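Asker: fold the stuff below for me.
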Amino acid sequence: MSKLTVAKAITAGLARAMEENPKVMLLGEDIGSLGGVYRVTEGLKARFGAHRVLDTPLGEAGIVGTAVGLAVRGYRPVCEIQFDGFTFPAFNQITTQVAKLRARTEGRLSVPMTIRIPYGGVIGSVEHHSESPEALFAHTAGLRILTPSNAQDAYWMEQQAIACDDPVIIFEPKRRYWLKGEVDEENSPGDPFAAAVIHEGTDATVVAWGPMVPVALAAAKAAEEDGRSVEVIDLRSLSPIDFDTVTASVRRTGRLVIAHEAPTFGGLGGEIAARVTERAFYSLEAPVLRVGAYHLPYPPAAVEDHYIPDLDRVLEALDRSFAY
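Answerer: A predicted model of the protein is given here:
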């Protein structure tokens, strides 16, 4: 058992995958000698060599396109996109090639590649460095999407994504890179595409993922002071989504609040709300409520704390739910 930050847990997970499979390669901007902007790949070039940890030109379409070719030839490439907003030059490659190649070839070709995308805000940066585009990719069939909220999941999800024969995008919550936690390097937490009930409750359910999970846990703790028992679910996988776990919780609690950093308009919270309403309509004591960012371009750092949902906004949504 080790205590690691989320960033260093990812480093350890990548290193273990590279040790176990010589076909695992890393590609990205400044990931070699520099170790990446957040030093997530620090030391891996020295350990595994420049032929397996490749510093690429500043061109995301080229990074992902090269990885597609490597994947169909039997390698397991891991692409790092430096910031969330830099993903879009590669959007065509991801949505028209990576996601569809297996279906297009009727299974003759697979694309076992991983795309790491640091995402989310509250790091004092500007647009293209602080966004949450997960819904754009979850809408595209053929992609699996994971997002860890803690060091244990970060360590294992990297390895599980690399071992998967389908393409996997890992959205890494960059403002949680420095969050420390225990990492059990021997016992896997199990299916990465299953949601986890991380705080049990009986009166309401809060679903969150990635950077919003610590906020949801803080809301549950604050609600206890008012005599309310709030269950918290870490969704973990954004495609596929484990609707069974969410639905079972809502059938017990009768209330659901969904919290994510992305804007609520067109966000994944709307899909989850619709599915839960279809499945558990007669169990609901209140409408499903969503908490997210505003439908605006990401603002300057001086006001981002007002843009990103916080503890007070989650608690306010719980208050509205209990008011019904």
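Asker: in contact with residue 152, which residues?
Answerer: Contact analysis of residue 152 by C-beta atoms under 8 Å, 6 or more residues apart in numbering lists 9, 181, 182, 183, 184, 189. Where C-beta positions appear, they are placed from N, C-alpha and C, glycine not excepted.
Asker: what is the burial count for the nearest residue to the fifth one once chain neighbours are set aside?
Answerer: Nearest residue to residue 184 in three dimensions, chain neighbours excluded: residue 1, at 5.6 Å (C-beta to C-beta, 6 or more residues apart in numbering). By the measure other C-beta atoms under 10 Å, the count of residues near residue 1 is 9.
Asker: can you check the one 5 residues further on too?
Answerer: Residues contacting residue 6 under the criterion other C-beta under 10 Å number 28.
Asker: residue 274 now?
Answerer: 11.
Asker: isn't the residue nearest to residue 184 up against residue 183?
Answerer: Yes. Counting by C-beta atoms under 8 Å, residue 1 touches residue 183, with 7.0 Å between them.
Asker: the stretch 51-200 of the chain: strands as residue ranges?
Answerer: Under the criterion DSSP state E, counting those that start in this stretch, strands of the stretch 51-200 of the chain are mapped to 53-55, 76-80, 114-119, 144-146, 168-173, 180-183, 196-199.
Asker: looking at those strands, which is closest to residue 22?
Answerer: strand 76-80 (9.8 Å; C-beta to C-beta).
Asker: show me what the closest one pairs with in its sheet, parallel or antiparallel.
Answerer: Note on strand 76-80: by DSSP bridges, its sheet partners are strand 24-28 (parallel), strand 114-119 (parallel).
Asker: can I get those strands in a markdown table including mean neighbour count?
Answerer: As requested, the strands paired with strand 76-80 are exported to a markdown table (neighbours: other C-beta atoms under 10 Å):
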| stretch | mean neighbour count |
| --- | --- |
| strand 24-28 | 24 |
| strand 114-119 | 27 |
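Asker: can I get the ones you listed in a markdown table including distance to residue 261 and mean pLDDT?
Answerer: Listed next are the strands paired with strand 76-80 as a markdown table, based on distance: least, C-beta to C-beta, whole Å; pLDDT from 0 to 100:
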| stretch | distance to residue 261 | mean pLDDT |
| --- | --- | --- |
| strand 24-28 | 23 | 98 |
| strand 114-119 | 8 | 97 |
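Asker: please parse this structure into its domains.
Answerer: As assigned by automatic domain parsing, the chain contains the domains 2-183, 196-323.
Asker: which residues does residue 103 contact?
Answerer: Taking C-beta under 8 Å, 6+ apart as the test, what residue 103 contacts is residue 142.
Asker: now with 10 Å?
Answerer: 109, 141, 142 (C-beta atoms under 10 Å, 6 or more residues apart in numbering).
Asker: ok, now residue 202?
Answerer: 228, 229, 230, 231, 252, 253, 254.
Asker: just checking, the fourth one touches residue 195?
Answerer: Right, residue 231. No. Here residue 231 lies out of contact with residue 195, judged by C-beta atoms under 10 Å, at a distance of 11.5 Å.
Asker: need the overlap of contacts for the two.
Answerer: 207, 249.
Asker: measure residue 25 to residue 46 for me?
Answerer: Going from residue 25 to residue 46 by C-beta to C-beta, to the nearest Å gives 16 Å.
Asker: how about residue 179?
Answerer: Going from residue 179 to residue 46 by C-beta to C-beta gives 26 Å.
Asker: of these two, who's got more company?
Answerer: Under the neighbour definition other C-beta under 10 Å, residue 179 and residue 46 were set side by side, and residue 179 has more, 19 against 12.
Asker: without its sequence neighbours, what residue ends up closest to the more buried one?
Answerer: That would be residue 6: by C-beta to C-beta, 6+ apart, it lies 5.3 Å from residue 179.
Asker: quick check: phi and psi at that neighbour.
Answerer: When read as degrees, to the nearest 10, the backbone of residue 6 gives phi -60, psi -40.
Asker: and it, what is it in contact with?
Answerer: Taking C-beta under 10 Å, 6+ apart as the test, what residue 6 contacts is 38, 40, 148-155, 172-181, 183.
Asker: can you do 6 Å?
Answerer: 151, 154, 176, 177, 179 (C-beta atoms under 6 Å, 6 or more residues apart in numbering).
Asker: can you give me the helices for the protein?
Answerer: Listed in chain order, the helices of the chain (DSSP state H) span 6-20, 44-48, 60-72, 91-93, 101-104, 134-138, 151-163, 213-224, 243-253, 268-280, 304-307, 311-323.
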